[in-house]
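Q: below: sequence and its predicted model.
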Amino acid sequence: MKLSSKYFSYCAILLLFTLYGFSQNKSVVNADKKFDDYSFVDAIATYEKVADKGYKDEKMFQKLGDSYYFIADLVKAQKWYTELFDLNEVQETEYYYRYSQSLKAIGNYAKADKMLEKFITKSYNDQRGKLFANQRNYLEDIKTNSGRYEIADAGVNSEYSDYGSSFYNKNLLFASARDIGGVSKKVFKWNNESFTNLYLSEIKSDADMGKPKLFSSSINTKFHESTPVFTNDGNTMYFTRNNYLDGKKQKNARKVTLLKLYKATKVDEKWVNVQELPFNSNEYSVAHPTLSLDEKNLYFASDMPGTNGLSDLFTVTINADGTFGKPQNLGFPINTEARETFPFISQENKLYFASDGHPGLGGLDIFVVNLTVNSEKKTIKNIGAPINSAKDDFAFLIDSKNHKGFFTSNRDGGNGSDDIYKFTELPKPICTQILKGKITDQDSGAILSNSKVSLFDEKFNLIKEMTTTADGLYTFDVVCERIYYLRAQNQDYETEEVQVTVAQTSGETIRPVTLQKIKKIILVGTDLAKTLSIPMLYFDLNKSFIRKDAAFELEKILVVLKEYPTMKIDIRSHTDSRQTNKYNESLSDRRAQATRAWLIANGITTDRLTSKGYGETRLINKCSNNVPCTEEEHQANRRSEFIITSI
């Protein structure tokens, strides 16, 4: 369990569910009180004693599963959520998502995905459901991104929780709940471990770590401290601490002490002037800071007003005079309705963060997004195994110069509830892509040789141009996982531009392009509606008047008739199959007459226009009498044709 790290997120979760007491069972009532007081370990002990006696209750199984979920023991959470769903398959929407996350912890991805499918049907506009719906092959995507890191135990872990590291000079600074040997030890009732302090460990050149020692006594207190970040000059630090300053602890309206961000400065090698940041509040948590490369913006996690999920990532401007602007939510696609937390910005200006809202392997996974890319084109990438696992993985930290770093996980095989792991980023495999395709005529499919094809980057800067070969082919060498724009041009054809997203792995990206002739050939028997790409729908059900959108399209017919003053056309109107044959014949005839009248009113002589209604005798699809069809299918039959009879 991430002591101060997850605490505020789970407080938000609890507010989503109605509290319920079991008056028939004093032990359960007592456990409920501990649950409501966030004493989850104590609540679990009581609930399980009751459950072991064969007592089954939906609300108890919810809270038992939640208690394990909130202390990040997803394997045991899965056990009790299974009991819950076996008792009643119909649950509040959030439980489908939570059960899915727990199932991933035991590697049951097939059943986890089934729960996500049910979550989608119930969640409507929830971004987590949309992300899964658009990335149903997320495991394959994660597999593609995997294998890029070598990991090992960092060598600083204890039997307690160790997490949330930061670089400080040539040292690793991290939070730990280890026993410091004091006379009295304050215990965090959430998981019955000690509150965390900041520790320092030297990063030695031989990759070994120095013995951890306590950081500044002016920073560490009897409550949580964690996740510091330092300015480049090393003289200013921002860090997370419980709502405690100058010996005074404050609580929110529910009597809970939340998290705040603090700032300290170094004077004569001592950290002084500890002050809380102005956008803190007693009523919500703010935690886990990181600085932008120019140190003009501070990024952090919070559940402050304006948060979309349980915790979101925010940014705030640091003004030249040391004051702060108004925090801004980073929004979607970064933030979801779940938890986004532990942001870190690398020297390559990439934002790494932990989330259990984006499709992942289970629990919190680490994701990365390039901050230099325009917001509407940001791609969120799961960095894959072995850093990500079926458990919680978070607090990613990397030195982009030597490709080494640290992260935290509660995966199996660790020393404590959370452990810090070191990693080395392996050289990126060379990814080569060829963008190729054929330029053809849109109508005939004929190959268009000697077409000019231009390649632009995502900012529309010209990269390269070429002329298609005799077989109409173009070929460009491109960079993997980039967005490009293609422009195809040919004499007597309209210019076409298309966007292309190049694949992530080596190979070929195929993108054919079709061109439309600038001036189409029209002959006797040609349907001008098709030639001019006029939509087939003109009339509302049972109506024969010319709608405004239809009049706009009829202008195209009018232009052609005026350009060819000797051209004559036959207007043919059709209906769908609803109503009787006689009614439809009469209706279609009125529609044909209305169309003819509109053209005459706009300057076309009567001798050039004939019209006839065919009713439902020429349907273009299966929708005859009594055949079930959609409204769109019926609309396709309500159309007009403009057949050239002479030129």
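A: Nice, thanks for sending it over.
Q: what bits of the chain have low per-residue confidence?
A: Applying pLDDT under 70 to the chain picks out residues 1-25, 180-193, 207, 374-377, 519-521, 533-545, 547-550, 552.
Q: where does the record place the domain boundaries for it?
A: Following automatic domain parsing, one finds the domains of the chain at 149-425, 432-515, 528-646.
Q: can you show me the helices along the stretch 401-550 of the chain?
A: Secondary structure of the stretch 401-550 of the chain (DSSP state H, counting those that start in this stretch): helices located at 528-531, 548-563.
Q: restricting to C-alpha, output the last one in PDB.
A: Coordinates of each C-alpha in helix 548-563 appear next as PDB, following Å, rounded to 0.1, in the frame of the first residue of the first chain:
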ATOM      1  CA  LYS A 548     -33.400  23.800 -47.800                       C
ATOM      2  CA  ASP A 549     -30.600  21.200 -47.800                       C
ATOM      3  CA  ALA A 550     -32.100  19.700 -50.900                       C
ATOM      4  CA  ALA A 551     -32.300  23.100 -52.600                       C
ATOM      5  CA  PHE A 552     -28.600  23.500 -51.900                       C
ATOM      6  CA  GLU A 553     -27.900  20.300 -53.700                       C
ATOM      7  CA  LEU A 554     -30.300  21.100 -56.600                       C
ATOM      8  CA  GLU A 555     -28.100  24.100 -57.300                       C
ATOM      9  CA  LYS A 556     -25.500  21.700 -58.700                       C
ATOM     10  CA  ILE A 557     -28.100  20.400 -61.200                       C
ATOM     11  CA  LEU A 558     -29.000  24.000 -62.100                       C
ATOM     12  CA  VAL A 559     -25.400  24.900 -62.800                       C
ATOM     13  CA  VAL A 560     -25.000  22.000 -65.200                       C
ATOM     14  CA  LEU A 561     -28.200  22.700 -67.000                       C
ATOM     15  CA  LYS A 562     -27.200  26.300 -67.500                       C
ATOM     16  CA  GLU A 563     -23.700  25.300 -68.600                       C
END
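Q: following element in sequence after that helix, please.
A: Scanning forward in sequence from helix 548-563 by DSSP states H and E, the next helix or strand is strand 568-574.
Q: packing partners for that following strand?
A: helix 581-601, strand 609-613, strand 639-646 (3 or more Cβ pairs under 8 Å, 6 or more residues apart in numbering; DSSP states H and E). Glycine gets a C-beta too; all of them are placed from N, C-alpha and C.
Q: dump those to JSON lines, plus mean neighbour count and distance to Y262.
A: Listed next are the helices and strands packed on strand 568-574 as JSON lines, based on neighbours: other Cβ atoms under 10 Å; distance: least, Cβ to Cβ, whole Å:
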{"stretch": "helix 581-601", "mean neighbour count": "18", "distance to Y262": "73"}
{"stretch": "strand 609-613", "mean neighbour count": "18", "distance to Y262": "80"}
{"stretch": "strand 639-646", "mean neighbour count": "19", "distance to Y262": "69"}
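Q: among those, which is nearest K111?
A: strand 639-646 (48.5 Å; Cβ to Cβ).
Q: the residue lying closest to F132 once chain neighbours are set aside: how many residues sit nearby?
A: Spatial nearest neighbour of F132, excluding adjacent residues (Cβ to Cβ, 6 or more residues apart in numbering): L116 at 5.0 Å. For L116, the count of nearby residues is 26 (other Cβ atoms under 10 Å).
Q: phi and psi next, for L116.
A: Backbone dihedrals for L116, given as degrees, to the nearest 10, come out at phi -70, psi -40.
Q: what's near enough to touch it?
A: 96-97, 100, 129, 132 (Cβ atoms under 8 Å, 6 or more residues apart in numbering).
Q: and for M466?
A: 452-453, 474-476.
Q: against L455, how distant is Y484?
A: According to Cβ to Cβ, to the nearest Å, Y484 stands 6 Å off from L455.
Q: now swap in L259 and tell me
A: Counting by Cβ to Cβ, the gap from L259 to L455 is 49 Å.
Q: likewise for T196?
A: 53 Å.
Q: kindly report the same for G507.
A: 18 Å.
Q: so between those two, which is more surrounded?
A: It is L455, of G507 and L455, that has more neighbours when counted by other Cβ under 10 Å, with 20 against 13.
Q: so who does the more buried one touch?
A: L455 touches 435, 462-465, 476, 478, 484-486, counting by Cβ under 8 Å, 6+ apart.
Q: can I get these in CSV with distance to D365 and neighbour count?
A: Shown next, in CSV, are those (distance: Cβ to Cβ, whole Å; neighbours: other Cβ atoms under 10 Å):
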residue, distance to D365, neighbour count
L435, 31, 22
L462, 39, 11
I463, 34, 13
K464, 38, 11
E465, 42, 14
F476, 34, 21
V478, 29, 21
Y484, 29, 20
Y485, 32, 18
L486, 34, 20
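Q: just the ones of these in strands?
A: If you go by DSSP state E, the contacts of L455 have 435, 462-465, 476, 478, 484-486 in strands.
Q: hmm, D179 is touching S161, no?
A: No: checked against Cβ atoms under 8 Å, the pair D179 and S161 is beyond contact range at 11.9 Å.
Q: neighbour count for those two, which is higher?
A: Using other Cβ under 10 Å as the criterion, D179 and S161 rank with S161 on top: 30 against 12.
Q: isn't the more buried one right next to A177, touching?
A: Yes: in this structure, S161 is within contact of A177 by Cβ under 8 Å, at 4.4 Å.
Q: spatially central residue for this structure, please.
A: In the chain, the centroid-proximal residue (Cα atoms, centre = their mean) is P333; its distance is 4.2 Å.
Q: nearest residue to that one other than its sequence neighbours?
A: Distances taken as Cβ to Cβ, 6+ apart put I380 closest to P333, at 5.5 Å, once the chain neighbours are dropped.
Q: got the contact list for that neighbour?
A: 333-334, 358, 367-369.
Q: repeat the analysis, applying 10 Å as the threshold.
A: Residues near I380 by Cβ atoms under 10 Å, 6 or more residues apart in numbering: 131, 135, 332-334, 336, 351, 353, 355, 358-359, 367-370.
Q: gap between it and N134?
A: 11 Å.
Q: give me the common contacts of Y484 and L455.
A: Common neighbours of Y484 and L455 (Cβ under 10 Å, 6+ apart) are 435, 463, 476, 478, 500.
Q: related to what we said a few turns ago, select only the buried ones of the contacts of M466 in PyMOL?
A: Buried residues within the contacts of M466, by 16 or more other Cβ atoms under 10 Å, are selected in PyMOL with:
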select buried, resi 452+453+474+476
